[in-house]
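1. no sequence on this one, just coordinates:
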């Protein structure tokens, strides 16, 4: 059994990790930590897990975590992970960071968008961007895995084949994304209150959202050079789910078959479904799946590529487990759900 | 008092008309009709209106309606209105059609997008497109008013100043719009069930939605010539509200002040608020307001213009009453709410 | 015009007061105060009111409020109002307290249930319990009005006729009530987060909720002597609305006609609808109405009496305005909505 | 592997069966039928199951089902199952009926409450009421299992220990229950539309709901003789979940310890959690768990016992699988979730 630790176990992503790992056949939770709730049992904070995970919550002590576990998941506020991880630590355990600290290859880009200092820039080169569908072979055996963001996972996977195959113009890409409210976290903020979210939709972080450089970094790799995107997130009155609707101009002469062929690179992927219909977030809820489809509009010359994920699963905890499975040589799908109940 | 008739009074838009007109100080409901519920009282179908509107529902008989009323509102399925309205009818009453039959100036465009025959093409020239902020003077004294669609009202008003002032490129405009579920109507469809809508977001009608030509017709007028837009609607798990997020490329040299100046054409508008923050549909819920703001992204060269309305008010019944007020020479704001309660 | 002040204007009940009073034809808002947001404009906090109420928010200073206004509404945390109100103050203005400090006639009962000292017990005798349907004549001309709680308004009005007419046993009454989340207020509490409320229902305050003694006080008056009730509130994933489902044992020989006759005492009430169907909170949303119906179950010998209100209107701000109207001799319905739009 | 058939596989309960059984390690779906969608693939109707269950849907032919499967689950409208099941059929397969046809031991009671003829009364004696916590030993090896209703499962399990131990008065029991909207099924009914359910709560079937006799039958067994209950269901704007709040009068002298001891009969139950806090439906969502707690109110002499389940799992499909597991001698918990993610 793989011994697993989670720091930040009582945030929404951390708790989802607990849920998934509790029924993972090859992992055992050996160290759960929560700064806010140290001393309580996990099921005191998440009563839905009573009888399934009643472990006592420890302090967010990465040293103890690394002693107790083979794999340490970090689900912490921005900036904390980079101050905790060190070469020494990585010699003791595999670290999978659900935060943003190791996602961007460029320290400068990180510090510009996150407006904070990076505490361990020397480790950036060691980290792999843990999006298995793009970097699977690099994840195998890796010690430091930067788990991608939720919006970014969905947006990158939706657009990647088009850029990889060179079917669309590199400029003018627009990503209009929508997220359930769990993406805002468990903080006690006015803007997250039921009565402030219910029965409304709003954009936020227009032209400034921090997932932008992450999307651009990866899509630039897909395209071969610099991609700049317009990224707009929205808050939707629902618990879970991300929908990315991406607009790009098809190059002249590109046909339906070319597009289908480009997306066929996903044909062996265990967690990507190319669907005929249009994606709905409910159809991936609770699963690690990505549903993707596209439409070509000959009137406008655009392709509209659309993807849906569950932000807490493929957008966070599920993908982190997928990364663990790959890094440690397990079957990639172990412990991860593929079928969504409906309604849920 | 203006005597008012409503055909299709028990659909969501029709019922909202009843609600608004019931407290309109210069109108009285003289004929309410519903094909499905003729013979019942309005408050049997909408118990929230018991004691406020207990009128018996008639058959959808436009002849009787025109005898009973000075203004006849039509809230009917596509194709019905164009078979009911005639020159003779218009000599007896003002007709305000909440449907699509008289919105498009071109019969060919109508028949292509709606896949149905237009039954009174000769009247198209008599109809005015009832978007007061663009066509106020043409509405005054008019006999046949085509009340705009919900998505279209929101999208056109959001983009109009930019095109009118020539600040953005005419090609490549993208409108990513989101709507509450009342926009799907009161029909007993599987896709409108609570358990099929709740906790999910989905796009629909991608590249094919019928509001597209209506948006293009009006924005082409704003711009001086042919505008083609990419329009994508979404269904959001909430009752009411439309949010249009519009993307356009700013022309070289256009600055913030130019944009502010362009939107200043709305400065005297009773139902448009230019806001500093980003629009949220809850802040216009139950009102006839349009909240509009924009952001310029120098990284991408785009302007993101955003607007929010209540689809049943400014997107349907409220705007219809606004049109009635203008057509008949009343104060334009009569009977229309401007302040939104929150939470609602 | 009546000059009106509101202390606690940015809580949900306070903001609803602003919304209602903004369109009240005989009132003008002369002093709006908010401890948390003093110095900002009301519409900075509630952007849905931009252009309707842009007044600057003052400190919660009751002395200044009493100078600026004829009527002062207090929407404050428990215990604050009783420390602010004095005989001197009441000589300058009418005070309508939306909190609990003056609702209970007994200081001892107040201090037991609220676990706090009462700061002005001598004023308890001056206060009237502002439930117009039960105490209308006492409200006229009164200086200190204790506006009832939300659950209590709904529960008392639903049960009052049965106890007044002596149709049910006095013991064994059970009130199972359900509320929308705005009843929990605007505080930044974990339990009020969207993701903690959405897609769930829960009871709370079982056997201990503070609205219990208020219900018992009033129903004891209805019945002629001591009524003890079992009151259970629940939190429902919706913004607004309260539903009270009340169970009582019918006395032997009581028939349907007796019950109908008992409820007929409400026949002239402007804000009570006796309905044939079962109440749904959506049918009173945004209005000051109470929808009431009942069913007799001969199998069990019980009567089930059910009532619905909007907790922020008839359960708070609307009733407060109704009280103001009565106290000052205006038409009782002035400025209060009766017809509910649907869906809303 | 156990071969399993489902008739009515595209209703919400049927589809949940598909979801659960798809990952059941000892079952394989061998025959899926749907009257409405025969000829389509299951994942055409439930796209969230694409890749997990793409089986073609057959006609609701019980004869073919019995040939293809060892266990046949029926999830059909009332009255259909009793016309399909026969001695001959039961000699070929185990039948687990999720409908009501075999739940009530008395044909007369069935026909009175369901207002329809029972087509196979001779089989009533062969059927076991499939509530494992009460009838586990009778389920083992059984051929015909009547899977309990959703409200009934929750209400019976919540009250059973109190009646079994004789701690409460037998008369005057009140059950106020609340359900998510999936309980209303997938039918295209006006009352199930999003815009008719969202942002509202309502009671329905007051004094007449068909789950009443089922609750009374089982609680009468618990108590030793005739129990009559007042049962009131409500519709809540959420997808899943049932909460039963039950009121009973404690007998004189009954103390907290007596109650705790009574509920201790559940101590070995794999799917019942006795909790200190109050139940919330979100904490059992997606699981087969029942969360139960109670409060004694010395003021009123009542005990308030509260239980929560997921109506589609423990209230339908999960319990059906639990019954299959027991009937066939598998570990009772096989394939059934115990830990609830949150938010979900």
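-> Cool, the structure landed. Quick caveat: nothing in here was measured; it's all calculated off a predicted structure.
2. what residue in the stretch 101-250 of chain A comes nearest to chain D?
-> Nearest residue of the stretch 101-250 of chain A to chain D (CB to the nearest CB) works out as residue A:239 at 4.1 Å. From N, CA and C alone the C-beta is placed, and that goes for glycine too.
3. so who does residue A:319 touch?
-> By CB atoms under 8 Å, 6 or more residues apart in numbering or on different chains, residue A:319 lies in contact with A:130, A:131, A:132, A:147, A:148, A:153, A:288, A:313.
4. phi, psi for residue A:329 please.
-> The phi/psi pair for residue A:329 (degrees, to the nearest 10) reads phi 80, psi 20.
5. neighbours of residue A:340, how many?
-> Using other CB atoms under 10 Å in any protein chain shown, residue A:340 is surrounded by 25 other residues.
6. which residue is the nearest non-sequential neighbour of it?
-> Among residues not flanking residue A:340 along the chain, residue D:48 sits closest, at 3.1 Å (CB to CB, 6 or more residues apart in numbering or on different chains).
7. where's that neighbour relative to residue D:8, distance?
-> Noted for residue D:48: a distance of 18 Å to residue D:8, by CB to CB, to the nearest Å.
8. the residue nearest to residue A:340 belongs to a strand?
-> No - per DSSP: H, G, I helix; E, B strand; the rest coil, residue D:48 lies outside any strand segment and is helix.
9. list the contacts of it.
-> A:282, A:283, A:284, A:285, A:287, A:339, A:340, A:341, A:342 are the contacts of residue D:48 under CB under 8 Å, 6+ apart.
10. which helices and strands does the strand or helix carrying residue A:31 pack with?
-> In this structure, residue A:31 sits in strand A:27-33 according to DSSP states H and E. Contacts defined by 3 or more CB pairs under 8 Å, 6 or more residues apart in numbering or on different chains; DSSP states H and E place strand A:27-33 against strand A:2-7, helix A:12-22, helix A:62-68.
11. list the contacts of the residue of the stretch 101-250 of chain A closest to chain D.
-> A:180, A:181, A:182, B:199, C:194, C:195, C:198, C:199, D:343, D:344.
12. which residues of chain A lie near chain D?
-> A:12, A:15-16, A:19, A:22-23, A:46-53, A:181-182, A:198-199, A:239-240, A:273, A:275, A:277, A:280, A:282-287, A:291, A:312, A:337-344 (CB under 8 Å from any CB of the partner chain).
13. are any of those residues buried, and which?
-> A:12, A:15-16, A:19, A:22, A:46-50, A:52-53, A:181-182, A:198-199, A:239-240, A:273, A:275, A:280, A:282-287, A:291, A:312, A:337-344 (16 or more other CB atoms under 10 Å in any protein chain shown).
14. backbone dihedrals for residue A:165, please?
-> Dihedral angles for residue A:165 - degrees, to the nearest 10 - are phi -90, psi 0.
15. same check on residue A:176?
-> phi -110, psi 110.
16. spit out the contact partners of it.
-> A:232, A:234, A:244, A:245, A:246, A:247, B:174, B:176, B:232, B:245, B:247.
17. does chain C sit close to the one helix or strand the fourth one maps to?
-> Taking DSSP H and E as the definition, residue A:245 sits inside strand A:242-249. No - using CB under 8 Å from any CB, strand A:242-249 stays clear of chain C, with a minimum separation of 14.7 Å.
18. quick one: that strand near chain B?
-> Yes - judged by CB under 8 Å from any CB, strand A:242-249 comes into contact with chain B through A:243, A:245, A:247, A:249.
19. picking up where we left off before, let's have the helices and strands packed on strand A:27-33 in JSON lines, adding distance to residue A:298 and mean pLDDT.
-> Conversion of the helices and strands packed on strand A:27-33 to JSON lines gives the following (distance: least, CB to CB, whole Å; pLDDT from 0 to 100):
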{"stretch": "strand A:2-7", "distance to residue A:298": "49", "mean pLDDT": "98"}
{"stretch": "helix A:12-22", "distance to residue A:298": "41", "mean pLDDT": "98"}
{"stretch": "helix A:62-68", "distance to residue A:298": "55", "mean pLDDT": "97"}
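20. tabulate the ones you listed (a markdown table), appending distance to residue B:84.
-> Below are the helices and strands packed on strand A:27-33 laid out as a markdown table (distance: least, CB to CB, whole Å):
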| stretch | distance to residue B:84 |
| --- | --- |
| strand A:2-7 | 65 |
| helix A:12-22 | 54 |
| helix A:62-68 | 73 |
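21. out of the residues of strand A:242-249 next to chain B, grab the one that's most surrounded.
-> residue A:243 (28 neighbours).
22. beta partners of that residue?
-> Taking DSSP bridges, one finds residue A:178, residue A:308 as the beta-bridge partners of residue A:243.
23. wait, it sits on residue B:204?
-> No - taking contacts as CB atoms under 8 Å, residue A:243 lies outside contact range of residue B:204: 11.7 Å.
24. quickly list what's touching both of these two.
-> residue B:234.
25. how about the contacts of residue A:176 in JSON lines, adding pLDDT?
-> Shown next, in JSON lines, are the contacts of residue A:176 (pLDDT from 0 to 100):
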{"residue": "A:232", "pLDDT": "98"}
{"residue": "A:234", "pLDDT": "98"}
{"residue": "A:244", "pLDDT": "98"}
{"residue": "A:245", "pLDDT": "98"}
{"residue": "A:246", "pLDDT": "98"}
{"residue": "A:247", "pLDDT": "98"}
{"residue": "B:174", "pLDDT": "98"}
{"residue": "B:176", "pLDDT": "98"}
{"residue": "B:232", "pLDDT": "98"}
{"residue": "B:245", "pLDDT": "98"}
{"residue": "B:247", "pLDDT": "98"}
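26. from these, which is closest to residue C:253?
-> Taking CB to CB as the measure, residue C:253 sits nearest to residue A:234 out of the contacts of residue A:176, at 61.5 Å.
27. can you map out the strands along the stretch 101-250 of chain A?
-> Taking DSSP state E, counting those that start in this stretch to define them, one finds strands in the stretch 101-250 of chain A at A:128-129, A:144-146, A:173-179, A:202-203, A:229-235, A:242-249.
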